[in-house]
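Enquirer: below is the sequence, then the predicted model.
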There are 2 protein chains.
Amino acid sequence: MKVLISELKQKVVNSLQNSFTKDESECIANYLLWAEMSGINTQGLVKMTGKEPMQNIKPQHEIRVERDTKLSKLINAGAYPAPLVSQQATDAAIQKAKKNGFAIVGVHNTFSSNGAQAYYAEQIADNDLIGIVMSRSPGSTAPFDSIDPLFGTNPIGFAFPTNDAPLTFDMATSAMTFFGLIIAKSKGVNIPDNMAIDKDGNPTNDPGAAMSGALLPFDRGYKGSGIGMVVEIMAGPLVASAYCDSETFDKEWGSTFIAIDPNLLVDSKQFKIACSDIIAKIKSSRKKANIDEMRIPGERARAAHDNAEKSGYVEVDDAILHELGYN
Amino acid sequence: MKVLISELKQKVVNSLQNSFTKDESECIANYLLWAEMSGINTQGLVKMTGKEPMQNIKPQHEIRVERDTKLSKLINAGAYPAPLVSQQATDAAIQKAKKNGFAIVGVHNTFSSNGAQAYYAEQIADNDLIGIVMSRSPGSTAPFDSIDPLFGTNPIGFAFPTNDAPLTFDMATSAMTFFGLIIAKSKGVNIPDNMAIDKDGNPTNDPGAAMSGALLPFDRGYKGSGIGMVVEIMAGPLVASAYCDSETFDKEWGSTFIAIDPNLLVDSKQFKIACSDIIAKIKSSRKKANIDEMRIPGERARAAHDNAEKSGYVEVDDAILHELGYN
């Protein structure tokens, strides 16, 4: 059903205030609505439903800064929801990189994932910095040739400043997201072929069997597996998070926020002009016979978001609305 | 034919001294022999053969430092061969990151490519730093849904320090390397299905048609294309190199060398222990039914290199040996 965004936000904030302050609730709601408006509904309001909805999270302890240098910060999230702590990490990365040219901020011990990395990476790019954001999640994906879920779905996102909106690209390093499995299971539908294996390593279309088995790397090959491994390290042990571990589903998620000032190497204005030009070159390149229009990464999500913002309304799954108190 | 490595190196250095000083020739030879010994023969001595062999390169001008900060350096290679300038960039990245925690070094205007990114990334990891190295090459690969060769084969390599040899992963972001096409063409053999398209966007197995058409992204999808785009930017306009351009084949190759000290976030010793543990966890995980042994990325190349070093001999293609003056 299409609902008024302003009203939806109020209901989300009200619900989150069960567990969090008003400011914290606003911060989390901003992320959730952005994802929903962008059509990234596996990373949006669905996180307020199910067995462990975000509004019921009970943090373990206050958010603690465990390391702080000119170029870096390490944050123990105390099992606060990722969107809240990730916003603090993003703000810190922007501030440090604007001052010193580079920043890397690590977050560990969040409850659940960042969601869409693009949300944070774009904020970095909006400050004329290159943003790279990645998250390590509990083991759900098998390395190439293996049948054990050693790596998480391990998303990674990049955003580059341009003369217009940032050029943004984000992806899970698994063939599909874990929330995609949760949704398929709750709807009682099969997942497509060649996405996952069961616990004995046999191909499966059953989302439940995939959850106790493993997802495949996004390319079903060693390259995708290698990139998943890189994220497992960079957002795992590098940020004091767990790694290669499917036991700690309610904590020890890790995320890494990197900001790089292009001025370290070239003139930032020239860099932005070139990034805009790359968009133009992709958009105007010759397309495959069956393709209507060349799209750049992130284009569809941004268009959906901007349309929702303009209209004031967003389409949300009825079951989710019901849980949020809509009739 | 198997040849004595010491003798081979002498011949390579002698040949390179046509155009370069003895020190420069030694530096380039070290890379070429490493690649050959590692079995990465699309990135090894083949570069001393063909129409524009490395020993015949005539640089345009001296190597110039165009920007130099605590955290960064930009180098104009003056069309010197990449392995020489990339070694200088690697050394600079290591030195700056050891002192300040992070470094990014850009190189543009090299003649030809770095070759295997692992060579440089591993040297960074040997200094207890995380190494990330990538190169932008002339346009040869089509973005997803496009049939124009906007991106290069754009390799990226990562190396992580462990308690033993670094954990190294590198890959081309295209379905196969451009040197793979050159070799197939010179041997008059077809390339496998689903690697490339011709200039009109039709699938092709003809390496020549692929050279005037385009390679596909490594996963044949939007994720691989997106990662190729990230490298096109990070090793293109970010280092003052060309981008989305297939005209400048003899220059304007770009490379980026990143070094990150894990101590920015965590204890470096703990990080190395964790990376060693990740290797152990991958190696001991349950493997697919038809797999003999779980391998970690880079394992086969390192074993080949170490075996060659131990024996003193390396297998080299006869045609290459002939060009180097062997009978």
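Expert: That came in fine, so what should we check first?
Enquirer: got the residue ranges for the strands in the stretch 1-150 of chain A?
Expert: Ranges of strands within the stretch 1-150 of chain A are A:2-4, A:64-68, A:72-76, A:102-110, A:130-136, based on DSSP state E, counting those that start in this stretch.
Enquirer: can you list these in a markdown table and add mean pLDDT and distance to chain B?
Expert: Glycine gets a C-beta too; all of them are placed from N, C-alpha and C. Conversion of the strands of the stretch 1-150 of chain A to a markdown table gives the following (pLDDT from 0 to 100; distance: least, Cβ to the nearest Cβ, whole Å):
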| stretch | mean pLDDT | distance to chain B |
| --- | --- | --- |
| strand A:2-4 | 96 | 28 |
| strand A:64-68 | 98 | 6 |
| strand A:72-76 | 97 | 4 |
| strand A:102-110 | 96 | 5 |
| strand A:130-136 | 97 | 7 |
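Enquirer: okay, those in CSV with mean neighbour count next?
Expert: Converted to CSV, these look like this (neighbours: other Cβ atoms under 10 Å in any protein chain shown):
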stretch, mean neighbour count
strand A:2-4, 13
strand A:64-68, 13
strand A:72-76, 24
strand A:102-110, 29
strand A:130-136, 29
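Enquirer: could I get the ones you listed as TSV with distance to A:Pro166?
Expert: Listed next are the strands of the stretch 1-150 of chain A as TSV, based on distance: least, Cβ to Cβ, whole Å:
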stretch	distance to A:Pro166
strand A:2-4	28
strand A:64-68	27
strand A:72-76	23
strand A:102-110	17
strand A:130-136	8
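Enquirer: what's around A:Ser212, how many residues?
Expert: 12 (other Cβ atoms under 10 Å in any protein chain shown).
Enquirer: where's it relative to B:Asn327, distance?
Expert: If you measure A:Ser212 against B:Asn327 using Cβ to Cβ, to the nearest Å, the figure is 63 Å.
Enquirer: one more: A:Lys223?
Expert: Taking Cβ to Cβ, one finds A:Lys223 at 40 Å from B:Asn327.
Enquirer: for chain A, which segments are assigned as helices?
Expert: Counting by DSSP state H, chain A has helices at residues A:5-16, A:22-37, A:82-100, A:117-125, A:178-187, A:207-212, A:222-234, A:268-283, A:299-311, A:318-323.
Enquirer: identify the residues contacting the residue most central in space within chain A.
Expert: Chain A has A:Ala116 as the residue nearest its centroid, 2.3 Å off, counting by Cα atoms, centre = their mean. Contacts here follow Cβ atoms under 8 Å, 6 or more residues apart in numbering or on different chains; on that basis A:Ala116 touches A:34-35, A:38, A:40, A:43, A:155, A:157, A:170.
Enquirer: which of the residues you listed sit farthest apart?
Expert: Farthest apart among the contacts of A:Ala116 by Cβ to Cβ are A:Trp34 and A:Pro155. That separation is 15.5 Å.
Enquirer: so for those two, which sits in the more crowded spot?
Expert: A count of neighbours by other Cβ under 10 Å puts A:Pro155 above the other of A:Trp34 and A:Pro155, at 27 against 22.
Enquirer: skip the chain neighbours and tell me the closest residue to A:Leu16.
Expert: What sits nearest to A:Leu16 in space, not counting adjacent residues and going by Cβ to Cβ, 6 or more residues apart in numbering or on different chains, is A:Ser25, at 3.7 Å.
Enquirer: how much space is there between that neighbour and chain B?
Expert: Look at A:Ser25 and chain B: by Cβ to the nearest Cβ, to the nearest Å, they are 29 Å apart.
Enquirer: could you check the pLDDT of that residue?
Expert: For A:Ser25, the pLDDT comes out at 97.
Enquirer: OK, contacts around it?
Expert: Applying Cβ under 8 Å, 6+ apart, the residues contacting A:Ser25 are A:12-13, A:16-17.
Enquirer: can we see that at 10 Å?
Expert: By Cβ atoms under 10 Å, 6 or more residues apart in numbering or on different chains, A:Ser25 lies in contact with A:12-19, A:55, A:84.
Enquirer: ChimeraX command for the buried members of those residues?
Expert: Per 16 or more other Cβ atoms under 10 Å in any protein chain shown, the buried members of these correspond to this ChimeraX selection:
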select /A:12,13,15,16,19,55,84
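Enquirer: biggest separation within the contacts of A:Ser25, which pair?
Expert: A:Asn14 and A:Leu84 (16.5 Å).
Enquirer: residues of the stretch 1-150 of chain A that sit close to chain B?
Expert: The stretch 1-150 of chain A comes close to chain B at residues A:66-67, A:69-75, A:100-106, A:108, A:130, A:132, A:139, A:142-150, as judged by Cβ under 10 Å from any Cβ of the partner chain.
Enquirer: so what's the nearest residue to A:Glu62 once chain neighbours are set aside up against?
Expert: Using Cβ to Cβ, 6+ apart and skipping the chain neighbours, the partner closest in space to A:Glu62 is A:Gly78 (5.7 Å). By Cβ under 10 Å, 6+ apart, the residues touching A:Gly78 are A:59-64, A:85, A:109-111, A:251.
Enquirer: and stretch A:38-58, average pLDDT?
Expert: 88.
Enquirer: distance between that stretch and the chain's centre?
Expert: In terms of Cα atoms, centre = their mean, to the nearest Å, the centre of stretch A:38-58 is set 13 Å apart from its chain centre.
Enquirer: pull out the buried positions in it.
Expert: Buried-residue list, stretch A:38-58, by 16+ other Cβ under 10 Å: A:38-49, A:53-55, A:57.
Enquirer: same question for stretch A:145-160.
Expert: Buried, per 16+ other Cβ under 10 Å, within stretch A:145-160: A:145-160.
Enquirer: repeat for stretch A:91-99
Expert: A:92-94, A:96-97.
Enquirer: now pLDDT too, for these, in JSON lines please.
Expert: Listed next are the buried residues of stretch A:91-99 as JSON lines, based on pLDDT from 0 to 100:
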{"residue": "A:Ala92", "pLDDT": "98"}
{"residue": "A:Ala93", "pLDDT": "98"}
{"residue": "A:Ile94", "pLDDT": "98"}
{"residue": "A:Lys96", "pLDDT": "98"}
{"residue": "A:Ala97", "pLDDT": "98"}
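Enquirer: dump the residue contacts of the residue nearest to A:Asn190 when sequence neighbours are not counted.
Expert: Setting aside the residues directly before and after it, A:Asn190 is nearest to A:Asn205 in space (Cβ to Cβ, 6+ apart), at 4.1 Å. For A:Asn205, the contact set (Cβ under 10 Å, 6+ apart) comprises A:184, A:189-196, A:198.
Enquirer: among these, name the buried ones.
Expert: A:184, A:191, A:195-196, A:198.
Enquirer: hmm, back to that, between the contacts of A:Gly78, which is closest to B:Leu216?
Expert: A:Thr110 (37.0 Å).
Enquirer: give the contact list for the closest one.
Expert: Contacts of A:Thr110 by Cβ under 10 Å, 6+ apart are A:57, A:59, A:63, A:75-86, A:89, A:135, A:241, A:251-255.
Enquirer: let's go with 8 Å and repeat that
Expert: Here A:Thr110 is in contact with A:77, A:79-82, A:85-86, A:251, A:253-255 (criterion: Cβ under 8 Å, 6+ apart).
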